[in-house]
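Peer 1: Here you go, sequence then predicted model.
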Amino acid sequence: MKILIVEDEKAIVDILAFNLKREGYQVLEAFDGESGLQTALRENPDLVLLDLMLPVMDGFEVCRRLREKGLSLPILMLTAREEESDKVLGLESGADDYITKPFSMRELLARVRANIRRTQREEPPAAAVPDDALTLGVLTLRAGRMEISKQGQPLELSQREYDLLSFLMRTPNQVFSREELMEKVWNYEYYGDLRTVDVTVRRLREKIEDNPGEPVLLLTRRGAGYLLNS
């Protein structure tokens, strides 16, 4: 598996590269946003570790451009910032998750493994569903195509949004806590930043609800979690 590190601090790159190589990954390196973007487009890595504050082009813009080019590979943002707005913006730019510096190498490697497992796992068989389709109200899931549509119109979803919505469609009317969703959808062996779940839910509501401010499909149960209403 090939991992691209886009980080302008060489000492951090060296530490990351050493540990990733020890785990058996092939490592690519870039030290500014523009070269990171071009390397990702050229080499098509399996995962990108992307610093937020980069020369030439920041991590937000790199992430946006990769998604605009149609690359669905996992992007894990590295940030020294604690501000909520920066983390939300990173996720809304298309990042799958973020990790705040300073971080433990064990934690980072766990997130790398989890995101790579997600991209490798196969969709569960849907042979029992006619036409490989699962319909829940106005939503239809076609797992073979990795597509979800609303009233016949395909939704433009990120990989993480698709993973979350397809999971909830298979388990309708069941409340899942943010911790449970982090484990079952994000596939983390530990609990990451739970705001990642909240941001993904908010983005999904903007795409599936007629009025995201008053959702009727993807509901919140205060103090308990989220559920998809059938």
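Peer 2: That came in fine, so what should we check first?
Peer 1: Tell me the pLDDT of Arg203.
Peer 2: On the pLDDT scale, Arg203 is placed at 86.
Peer 1: May I ask you to confirm that it is in contact with Glu92?
Peer 2: Yes. Contact between Arg203 and Glu92 holds when scored by CB atoms under 8 Å: they sit 6.7 Å apart. Where you see a C-beta, it was placed from the backbone N, CA and C, and this is true even at glycine.
Peer 1: contacting residues around the residue nearest to Gly94 when sequence neighbours are not counted?
Peer 2: Counting by CB to CB, 6 or more residues apart in numbering, Gly94 lies nearest to Arg67, which is 3.7 Å off, once chain neighbours are set aside. When contacts are counted by CB atoms under 8 Å, 6 or more residues apart in numbering, Arg67 touches 93-94, 158.
Peer 1: ok, these vs Thr100, which is closest?
Peer 2: Ser93 (16.4 Å; CB to CB).
Peer 1: Point out where this protein drops to low pLDDT.
Peer 2: Scanning the chain for pLDDT under 70 picks out 81-87, 120-131, 189-192.
Peer 1: Following the lengthiest helix in the chain in sequence, what is the next regular element?
Peer 2: Determined from DSSP state H, the single longest helix within the chain is helix 105-120. Scanning forward in sequence from helix 105-120 by DSSP states H and E, the next helix or strand is strand 133-136.
Peer 1: Just checking: what are the partner strands of that next one?
Peer 2: For strand 133-136, the paired strands and their directions (DSSP bridges) are strand 139-142 (antiparallel).
Peer 1: C-terminal to the strand it pairs with, which secondary structure element comes first?
Peer 2: The helix or strand immediately downstream of strand 139-142 is strand 147-150, counting by DSSP H and E.
Peer 1: Starting from that next one, tell me which strands it pairs with and how they run.
Peer 2: Partner strands and pairing direction for strand 147-150 (DSSP bridges) are strand 139-142 (antiparallel), strand 153-154 (antiparallel).
Peer 1: buried set for that strand?
Peer 2: Judged by neighbour count using 16 or more other CB atoms under 10 Å, the buried positions of strand 147-150 are 148-150.
Peer 1: Is it possible to get TSV of the residues you listed that adds distance to Arg22?
Peer 2: Shown next, in TSV, are the buried residues of strand 147-150 (distance: CB to CB, whole Å):
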residue	distance to Arg22
Ile148	39
Ser149	44
Lys150	45
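Peer 1: Which one of those residues is nearest to Glu183?
Peer 2: Glu183 lies nearest to Ile148 out of the buried residues of strand 147-150, by CB to CB, at 21.9 Å.
Peer 1: Find the residue at the geometric middle of this structure.
Peer 2: Asp96 (2.5 Å; CA atoms, centre = their mean).
Peer 1: Now that one: closest residue in space that isn't a chain neighbour?
Peer 2: Nearest to Asp96 is Pro74, by CB to CB, 6+ apart, at 4.8 Å.
Peer 1: how far away is the one you found from Ser149?
Peer 2: From Pro74 across to Ser149, the span is 24 Å (CB to CB, to the nearest Å).
Peer 1: next one: Ala95
Peer 2: From Ala95 to Ser149 the distance is 25 Å (CB to CB).
Peer 1: How about Thr79?
Peer 2: 34 Å.
Peer 1: cool, Arg203 as well?
Peer 2: For Arg203 relative to Ser149 (CB to CB), the value is 17 Å.
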